[in-house]
Every structure is written in structure tokens, then in C-alpha cells.
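**Student:** sequence first, predicted coordinates after that:
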Amino acid sequence: MQIAMIEGATRIIGKDQGFKGLPLRDELINTDVTGDGTPSMVSAWTPTPAELARLVAGASVHLRIIGTVHPPVAVDVGMPPADR
């Protein structure tokens, strides 16, 4: 997957740690566990042509967390790019 610029990005993290830099959009969400106004961060990723072909063929999406503690996460599919 390739890092994409998410619409409405509010910051970019990771550059000062030597990573490429990940654009994030900070949002408040409502969850059954933590309630209304829960802080969250959303990033966007674009599959390469090879990854897209594997997804179409039924492959799953894998989420890799760096470290040993797994934070709460959610994986979703964004909207297609708007025609320009």
C-alpha cells in the first residue's frame, strides 16, 4: 500500500522519526465503548496495481502495528477519488 494524502489532513506524523510521513485527519467519533467525542486519527492508503489485483481476487487487507501493544483500530474503505 502507498501512503495517500487524506482529504482534510490536519497534520503529518512520523517524519521526525525517519519514516516517510503519514498525513492524518483528526476526528471525533462516537463508539459504543468510549462514547461520543472519542478522538481518532484517519489515514488514507492506495493499493498498488499488484495489491489491487490480489484484493479483487479475494485477498484480505492486513493491518500491521509497530510495537508490542495493540491500540484500538478500525479498517474501512474510503470513497473513490472525485473526478477532476
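**Tutor:** Good, I have the coordinates. Numbering: from 1, shown residues only.
**Student:** where do the strands sit along this protein?
**Tutor:** Secondary structure of the chain by DSSP state E: the strands cover 2-4, 11-13, 22-31, 35-42, 44-46.
**Student:** what about residue 23, how many residues nearby?
**Tutor:** 19 (other CB atoms under 10 Å). Bear in mind the C-beta positions are built from the backbone N, C-alpha and C, glycine included.
**Student:** and it, what is it in contact with?
**Tutor:** 3, 4, 5, 6, 9, 11, 12, 43, 44 (CB atoms under 8 Å, 6 or more residues apart in numbering).
**Student:** I'd like those as CSV, with neighbour count, pLDDT and distance to residue 66 appended.
**Tutor:** Shown next, in CSV, are the contacts of residue 23 (neighbours: other CB atoms under 10 Å; pLDDT from 0 to 100; distance: CB to CB, whole Å):
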residue, neighbour count, pLDDT, distance to residue 66
3, 16, 95, 14
4, 15, 94, 19
5, 12, 94, 21
6, 17, 94, 19
9, 16, 96, 21
11, 11, 95, 19
12, 14, 96, 17
43, 14, 95, 14
44, 17, 95, 19
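**Student:** from these, pick the one nearest residue 68.
**Tutor:** residue 43 (21.2 Å; CB to CB).
**Student:** hmm, the closest one is touching residue 27, no?
**Tutor:** No - counting by CB atoms under 8 Å, residue 43 sits too far from residue 27 to count as a contact (11.3 Å).
**Student:** low-confidence stretches in this protein?
**Tutor:** 83-84 (pLDDT under 70).
**Student:** on that earlier part again, what's the farthest-apart pair in the contacts of residue 23?
**Tutor:** Using CB to CB, the pair of these lying farthest apart is 4 and 11, separated by 15.2 Å.
**Student:** so who does the closest residue to residue 39 other than its chain neighbours touch?
**Tutor:** Closest residue in space to residue 39, ignoring its immediate chain neighbours: residue 28 at 6.2 Å, by CB to CB, 6 or more residues apart in numbering. Contact analysis of residue 28 by CB under 8 Å, 6+ apart lists 36, 37, 38, 39, 40.
**Student:** are any of those buried, and which?
**Tutor:** Among the contacts of residue 28, none is buried by neighbour count (16 or more other CB atoms under 10 Å).
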